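Undergrad: Any chance you could fold what I've pasted below:
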Amino acid sequence: MAPSEDTLTKVSTEAATDFVQSFYPAINSNRESISSYYAPAPSPVLFNGNPVADGAAVQEIFVHQMPTAVYEVQSYDCQIINPAYPTTTPAGPKPPSEMGVKDMSILILVSGYVRYGEDPDKPQRGFSETFVLVPNPSSDKARGRKEWLIQSQNFRLVV
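TA: As a prediction, the model looks like this:
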């Protein structure tokens, strides 16, 4: 039996909350972990219209090129894109009969403020960010493996 819409909505909302509450603190103070948030397959990542190859490249930018930053999320929302996302396991695609409530793709919209640099008097700038999250087939919370991975990301500073 397919999960109810209420169940799917609850799971997607919890996923968005968990993601936002861990991703932005990682950018603020644990940049060496950023690549672990990304799906291994090449995914479209855009920063202010500039393409970035993958999660490892995003991490490289934040670790070696970006000044210290403080992201302050003001709001976020999510929407289920595909309630039956074709999850692939090491043994191959998961059959529809084995799909669960976390086998979905989710769109997350985030907005807030960011301040670049260590000077607390520097101005904050608005940002808007869009993510598509997909289930992590090798998730394991006990081992620190994320349940959801970024498949696509688009970041924009608001002018």
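Undergrad: Residues in contact with the lowest-mean-pLDDT helix or strand in the chain: which ones?
TA: Counting by mean pLDDT, DSSP states H and E, the chain has its least confident helix or strand at strand 88-89, which shows a mean of 72. Identification of contacts with strand 88-89 by Cβ atoms under 8 Å, 6 or more residues apart in numbering yields Lys94, Pro137. All C-beta spots, glycine's among them, are computed from the backbone N, C-alpha and C.
Undergrad: May I see the buried residues of the longest helix seen in the chain?
TA: Ranked by residue count, the top helix of the chain under DSSP state H comes out as helix 5-29. Judged by neighbour count using 16 or more other Cβ atoms under 10 Å, the buried positions of helix 5-29 are Leu8, Val11, Ser12, Ala15, Ala16, Phe19, Val20, Phe23, Tyr24, Ala26, Ile27.
Undergrad: Could you dump the residues you listed into TSV and include distance to Gly49 and pLDDT?
TA: What follows is the buried residues of helix 5-29, written out as TSV (distance: Cβ to Cβ, whole Å; pLDDT from 0 to 100):
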residue	distance to Gly49	pLDDT
Leu8	33	93
Val11	32	95
Ser12	28	96
Ala15	27	96
Ala16	24	97
Phe19	23	97
Val20	23	98
Phe23	21	97
Tyr24	21	97
Ala26	23	95
Ile27	19	95
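Undergrad: ok so, going back, and the next element down the chain from the longest helix of the chain?
TA: Next along the chain after helix 5-29, taking DSSP states H and E as the criterion, comes strand 45-47.
Undergrad: Okay, buried residues for the next helix or strand after that next one please.
TA: Next in sequence after strand 45-47, counting helices and strands by DSSP H and E, comes strand 50-52. Across strand 50-52, burial judged by 16+ other Cβ under 10 Å covers Val52.
Undergrad: Same check on stretch 133-142?
TA: Leu133, Val134, Pro135, Asn136.
Undergrad: Tell me the one of the residues you listed nearest Ala84?
TA: Comparing the buried residues of stretch 133-142 against Ala84 with Cβ to Cβ picks out Pro135 as the nearest, at 11.1 Å.
Undergrad: Report the contact partners of Met66.
TA: Tyr116 are the contacts of Met66 under Cβ under 8 Å, 6+ apart.
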